[in-house]
Structures are given as structure tokens and as C-alpha cells.
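> Structure for the following, please:
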Amino acid sequence: MSIDIIQQLKAANLRGRGGAGFPTSLKWEAVKNTPSSLKYIICNASEGDPQLKKDYFILKNHAEEVVQGIKIALDNIDHSKAYIYLKKDYYRKFKKPLLKLIKNLPIKLFKKPGGYLAGEETALLDAIEGKRPEPRLKPPYPSEAGLWGYPTLIDNVETFYHVAKIAQGKYKNERFYCLSGDIPRKGVFVLRENLTIKEILDETHNAPKSDFFIQAGGTLGEFFLPHELNQPINGLGSIVVYDKVRTNPLLLAKKIIRFALYQNCDKCTPCREGTYRLFEEFAKKEPNKKIINDILLVLEETTFCALGAMAGKSMISLQTKIIHD
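Model (predicted):
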């Protein structure tokens, strides 16, 4: 039975949980209202960031709700078919239980090729089409011209889970938070939405007793000092706590740059060359601070997709707050 889920999504003010925080109802409405003989729905379970385990947790414990959320999209968007786009190890682990839940629904499983960037919403379209996964220029947006040129709805695992909860009348304005690092209670927690970083640490009994700093938003996320935690955590809902005494910030910087270097797609010059030059500088005994700062500014302002910009912003916050505080 079809339900007017879009109005329910609007009332719940649900926003996507893949990082951008775009209103879910607007995305669903755009795909629903775009005339087409065929439409696609994609559940993005790529989770390529090593600091995140939310998709894994949800698929392990709440796969039924995720599939139900996809089914609701299929029921409300005419002429539609669906894919669940899975990270390789998730595909191996969850293929059988997902197929049992899918049964005769028009939902296919797709094993993600490549690494981190193959999970970007337009790069995954190329992957499913059998092309090299690279970010596409927007507009047109996937809701207008996505998979094989057809209107396409792309939401992540957590978003589809909440869609099912909203349809059931059980949504409690909660979200999943992933906490790791130098804390006693690591894992995925379900807490109220819009909590501050400090409140999340307090409610999970993870408030550090020693001098610390945190990174919010994944491996390419921004860094925060203890006096900056009275603000909501946005985006991916990831928090990593670092003990300041035990953490070498230069090694941490090298780790971020190595990740950005090996996970970028080489499509745009600023990201391809910029991450490589940063990698070279941090390999030196005495890195050139001016060169580093110039490259970080270029990354933040000019890269084709969000990866380079995120790497630049992450490194700038690490440089200004931790390395040179």
C-alpha cells in the first residue's frame, strides 16, 4: 500500500545522513515529479571511510528497516527499480540476509569497486554503469539525470532506516553516532539529533579526563579543541578522540594526506597534484610551511569534488589548532 511518505518526511524534517544534510523530502519530491518512463533508487552502503562503522552496524542489526525504507521509495516513485550499493566486505557479509529480505522486490545488490571515492553519489553511478568511478559535474543532479540518464534517488543506509521508522510512526528525532579513538566506550550509539559534541561525549560516558582534541566527520574531518565542543556535530556523525600527549600530530597529518593521496580519483589537477606535493613535503625532515599552506588553500577552494576540499579544511584545522597551538 502506497503512503504519502513525502509529507511525513517534511513533517519529520529528515535530512540525509551521508554528509551533506540535504532535506530528504526535497530529494524524493524531485525524483517523484520528474517525468520519466524509468527511475532508479540507490541505497548507498559504500562506507569507505575507515573511521565509520554506522552502515555496518545498521545492516547487521536493522537490515529489515533498511529494505522497508527502500520498498517505501519504490511504492511512492512510479516506474522505479532499486540497487543497494555495498562495500566489498559488506557485500560478502550481508548478501544472503539481504536477499532473504528482498525476496521478489525489484532490488539488486551491487558490489562497490575501488575505494573511498567510489562511494561519492555520482561516482557510484559510473560504477554501476560499468565505467571508471569518478565524480560527475553537477548540474544535472542525479534526481534529474542519474543512472543511465534516468532520474535517480540516492540516499544512504541510515536515511532509509529512518524513512521506515517515520512510516511506522516510531521516529524519535534520533541519529547514529560513531565514536572511536582514545575513549573507554567505542562503538555506534543512537542518540538525539542535534546534540553538541560535548553532549555526545557526556551521554556516552566518553568525556576524556586528560588533555585531548577531537576530529569530527571522518578521516578528512575538521579538528576541534576542548573549548570548541559546544556546537552540534553535522555531516557523518563521526567523532574520534585523540589523547594530546600520546598523539604525534605530524604523523596524524601524514596519515590524512596519505589517505587523500591514495583515495582521490586523479580527475582534477588540484587534488591529484596537491595531495602528492603535500605528501612530498611531509616526507621531509623540515617541511616548507608556506608551500603546505598554499597547497591547502588551493585544495580547499578549487578541487572538482569534496574530497580535496575536505582534505584541505581538515589539514588547515590540524595545522592551526593542534600543530601550532
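> could you pull out the strands for the chain?
Under the criterion DSSP state E, the chain contains strands at 39-45, 80-86, 107-111, 152-156, 174-181, 187-192, 212-216, 222-224, 238-243.
> Can you tell me the closest non-neighbouring residue to residue 288?
residue 281 (5.9 Å; Cβ to Cβ, 6 or more residues apart in numbering). Glycine gets a C-beta too; all of them are placed from N, C-alpha and C.
> For residue 273, see how far away the one you found is.
12 Å (Cβ to Cβ, to the nearest Å).
> Might you list the low-confidence residue ranges for this protein?
1-3, 18-20, 234, 324-325 (pLDDT under 70).
> Show me the domain layout of this structure.
Domain assignment for the chain by automatic domain parsing gives 5-167, 174-243, 249-323.
> re the thing from before, ok, the residue nearest to residue 288 - contacts?
287-288, 291-292, 295 (Cβ atoms under 8 Å, 6 or more residues apart in numbering).
> And residue 22, by the same measure?
Residue 22 neighbours (Cβ under 8 Å, 6+ apart): 15-16.
> Please tell me how far it sits from residue 30.
10 Å.
> And residue 112, by the same measure?
Counting by Cβ to Cβ - residue 112 and residue 30 are separated by 25 Å.
> Between those two, tell me which one has more neighbours.
Remark: of residue 112 and residue 30, residue 112 carries more neighbours, 24 against 15, as counted by other Cβ atoms under 10 Å.
> Ramachandran angles for the more buried one?
phi -60, psi 130 (degrees, to the nearest 10).
> got the buried residues for stretch 288-301?
Of the residues in stretch 288-301, 292, 295-296, 298-300 count as buried by neighbour count, 16 or more other Cβ atoms under 10 Å.
> whoops, I mixed them up, stretch 248-263
249, 252-254, 256-257, 259-261, 263.
> How about stretch 222-242?
222-224, 228-229, 233, 235-242.
> how long is that stretch end to end?
13 Å (Cα to Cα, to the nearest Å).
> Show me how far it is from its chain's centre.
Computed by Cα atoms, centre = their mean, to the nearest Å, the chain-centroid distance of stretch 222-242 equals 15 Å.
> what about the helices in the chain?
Along the chain, counting by DSSP state H, helices occupy 5-12, 24-33, 54-76, 88-102, 123-128, 157-167, 197-203, 249-263, 269-282, 289-302, 306-318.
> and the ones you listed, which is most packed in?
Ranked by mean neighbour count, those are led by helix 157-167 with a mean of 25 (mean count of other Cβ atoms under 10 Å).
> from memory residue 321 sits against residue 227, does it?
No - with contacts counted by Cβ atoms under 8 Å, residue 321 stays clear of residue 227, the gap being 10.5 Å.
> Pipe the buried residues of stretch 288-301 into CSV and attach distance to residue 67 per row.
Listed next are these as CSV, based on distance: Cβ to Cβ, whole Å:
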residue, distance to residue 67
292, 46
295, 44
296, 42
298, 43
299, 39
300, 39
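> Just the closest of those residues to residue 96, please.
residue 299 (41.6 Å; Cβ to Cβ).
> In contact with the closest one, which residues?
Counted by Cβ under 8 Å, 6+ apart, residue 299 has contacts 270-271, 274-275, 308-309, 311-312, 315.
> Include distance to residue 185 when you put these into a markdown table, please.
Shown next, in a markdown table, are those (distance: Cβ to Cβ, whole Å):
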| residue | distance to residue 185 |
| --- | --- |
| 270 | 39 |
| 271 | 36 |
| 274 | 37 |
| 275 | 34 |
| 308 | 34 |
| 309 | 32 |
| 311 | 29 |
| 312 | 32 |
| 315 | 29 |
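> Quickly name whichever of those is closest to residue 210.
residue 315 (24.5 Å).
> quick one: the closest one from residue 8, how far?
Counting by Cβ to Cβ, the gap from residue 315 to residue 8 is 41 Å.
> Could you do residue 282 as well?
From residue 282 to residue 8 the distance is 49 Å (Cβ to Cβ).
> got it, and residue 181?
For residue 181 relative to residue 8 (Cβ to Cβ), the value is 37 Å.
> what would the contacts of residue 281 look like in TSV with distance to residue 116?
Listed next are those as TSV, based on distance: Cβ to Cβ, whole Å:
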residue	distance to residue 116
287	24
288	28
291	25
292	22
295	20
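> Which member of those is positioned nearest residue 197?
Nearest to residue 197 among the contacts of residue 281, with distances taken as Cβ to Cβ, is residue 292, at 26.9 Å.
> So that closest one versus residue 81, what's the distance?
Counting by Cβ to Cβ, the separation of residue 292 from residue 81 is 47 Å.
> And for residue 69?
The gap separating residue 69 from residue 81 is 16 Å, by Cβ to Cβ.
> for residue 9, same thing?
Taken as Cβ to Cβ, the span from residue 9 to residue 81 is 21 Å.
> now residue 24
For residue 24 relative to residue 81 (Cβ to Cβ), the value is 20 Å.
> can you check residue 191 too?
Taking Cβ to Cβ as the measure, residue 191 falls 35 Å from residue 81.
> now do residue 106
Noted for residue 106: a distance of 5 Å to residue 81, by Cβ to Cβ.
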